[in-house]
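A.B. asks: Pasting the sequence and the predicted coordinates here, then a few questions.
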Amino acid sequence: MNDLAIATDNLSKHYGRKRALNRLTVEIPRGGIHAIVGSNGAGKSTLFRLLLGLAQPSSGRSQILGRDSGALTPELRGRIGFVNEEHTLPDWMRVEAVKAMQQRLYPQWREDIYREVLGNFDVHPDQRVGELSRGERAGFNLSLALAQSPELLILDEPTLGLDVIAKRAFLEALMFIGAEQGGTIIYCSHQMEEIERVADNLLIMERGQLRSMSPPDEFRARVGYWIVDLPGNRPANDEIPGLLQARRIDDQHHLMVIDAGEHLQQFLRERGARVHSRQAVSLDQAIIGYLAKNHRTPDRNAR
Ligand SMILES: Nc1ncnc2c1ncn2[C@@H]1O[C@H](COP(=O)(O)OP(=O)(O)OP(=O)(O)O)[C@@H](O)[C@H]1O
């Protein structure tokens, strides 16, 4: 047994000419809550499918709990929980029957967690799964996954469609599993405020590659927001060290920069600039600024 929850080595997945994963190499240690963020289409769901052996890589390798993804045994699968945004559950079965089935399958079943999370939804045990609303379905699926207390829980956009109260209950259950039970949770989300609250580790993916991995606070501290007066012509964006975003407001330049520090200060000195303020940014702003830099924009000449 190694101490990694997942590991990939130059993992690629192509769909025709499309590259969903591009030689991705990443290692996530066991324990804690790891959040993966990225723009739409960055490859997050593809990574999960390959890790779980639900799709084959075009090249490269991946391991989950120390085993190759292509050779997962039923015993090992039983130690991994997976919830995706589609919330695939048997529509024709009643809630109680699904729960009883899961309870038999998982020896570590935590009835208290199941009740705690599901208690946020008006779900009756004798309702059929197909009758549940979208949010109820998501809540039911999450209560099942959390109650299994799996060694590794992989969640693909788990809180999509949940109301704020249900979201809070889910996040609390997540933290309980991560912190008190020593499990590993890997999840992807577009909800930054959730990540700030629960994640120990933040991974940023872009175009099938890993761009950054660190505790969320460390990532946030790399990004700064400067307001400066720049005499003369405005420099080209690629001249400004670490620039993520530039805006001009009331004759002042507002610069969001990453890892800029000394280089930026030197650049500003050489330009005779005056720094009005240098501010910290929220995690939300830091991630959005970072992703926006390389975000695809419509090609307006392509008509
Ligand atoms: N079965 C498929 N056939 C063709 N292309 C696919 C297939 N599955 C994924 N892709 C493409 O691969 C890329 C990565 O998709 P993926 O679903 O992994 O992204 P994601 O990061 O989970 O995105 P989102 O945040 O939008 O859910 C996308 O450009 C997508 O269009």
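C.D. replies: Ah, there it is. Numbering: from 1, shown residues only.
A.B. asks: hmm, who's touching the helix or strand containing Val98?
C.D. replies: Counting by DSSP states H and E, the element that carries Val98 is helix 95-105. Helix 95-105 is contacted from outside by 78, 89-90, 93, 109, 111, 114, 123-129, 132, 140, 144, 147-148, using C-beta atoms under 8 Å, 6 or more residues apart in numbering. Every C-beta, even on glycine, is put in place using the N, C-alpha and C of the backbone.
A.B. asks: In this protein, mark out all the strands, start to finish.
C.D. replies: Using DSSP state E, the strands of the chain run over residues 4-15, 18-29, 32-38, 59-64, 67-68, 80-83, 152-156, 184-188, 201-206, 209-214, 223-229, 243-249, 252-258, 274-280.
A.B. asks: Pairing partners for the last one, with directions?
C.D. replies: Strand partners for strand 274-280, identified by DSSP bridges, are recorded as strand 223-229 (antiparallel).
A.B. asks: in the partner strand, what's buried?
C.D. replies: By 16 or more other C-beta atoms under 10 Å, the buried positions in strand 223-229 come out as Val223, Gly224, Tyr225, Trp226, Ile227, Val228.
A.B. asks: Adding distance to Ile258, write the residues you listed out as a markdown table.
C.D. replies: Listed next are the buried residues of strand 223-229 as a markdown table, based on distance: C-beta to C-beta, whole Å:
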| residue | distance to Ile258 |
| --- | --- |
| Val223 | 5 |
| Gly224 | 8 |
| Tyr225 | 11 |
| Trp226 | 12 |
| Ile227 | 17 |
| Val228 | 16 |
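A.B. asks: In terms of distance to the ligand, which of the residues you listed ranks first?
C.D. replies: Val223 (21.5 Å; C-beta to the nearest ligand atom).
A.B. asks: Just list the residues touching that closest one, thanks.
C.D. replies: By C-beta under 8 Å, 6+ apart, Val223 lies in contact with Leu244, Met256, Val257, Ile258, Val281, Gln285, Ala286, Gly289, Tyr290.
A.B. asks: how about 7 Å then?
C.D. replies: Met256, Ile258, Val281, Ala286, Gly289 (C-beta atoms under 7 Å, 6 or more residues apart in numbering).
A.B. asks: what does Ile186 give?
C.D. replies: Contacts for Ile186 (C-beta under 7 Å, 6+ apart) come out as Ala5, Ile6, Ile28, His34, Ile36, Ile154.
A.B. asks: again with Leu171
C.D. replies: Counted by C-beta under 7 Å, 6+ apart, Leu171 has contacts Glu194, Arg197, Val198.
A.B. asks: May I have the predicted confidence score for it?
C.D. replies: The model reports Leu171 with a pLDDT of 82.
A.B. asks: Which strand residues bridge His14?
C.D. replies: Where His14 sits in a bridge, its partners, by DSSP bridges, are Arg19.
A.B. asks: Was I right to think it contacts Gly60?
C.D. replies: No - counting by C-beta atoms under 7 Å, His14 stays clear of Gly60, with 11.3 Å between them.
A.B. asks: and those two? which has more neighbours close in?
C.D. replies: Neighbours per residue (other C-beta atoms under 10 Å) separate His14 from Gly60, with Gly60 holding more: 17 against 14.
A.B. asks: Hmm, the more buried one is touching Asn10, no?
C.D. replies: Yes - taking contacts as C-beta under 7 Å, Gly60 lies within contact range of Asn10: 4.0 Å.
A.B. asks: Would stretch 206-215 count as contacting the ligand?
C.D. replies: No - shown here: stretch 206-215 not in contact with the ligand (C-beta under 6 Å from any ligand atom), separated by at least 7.0 Å.
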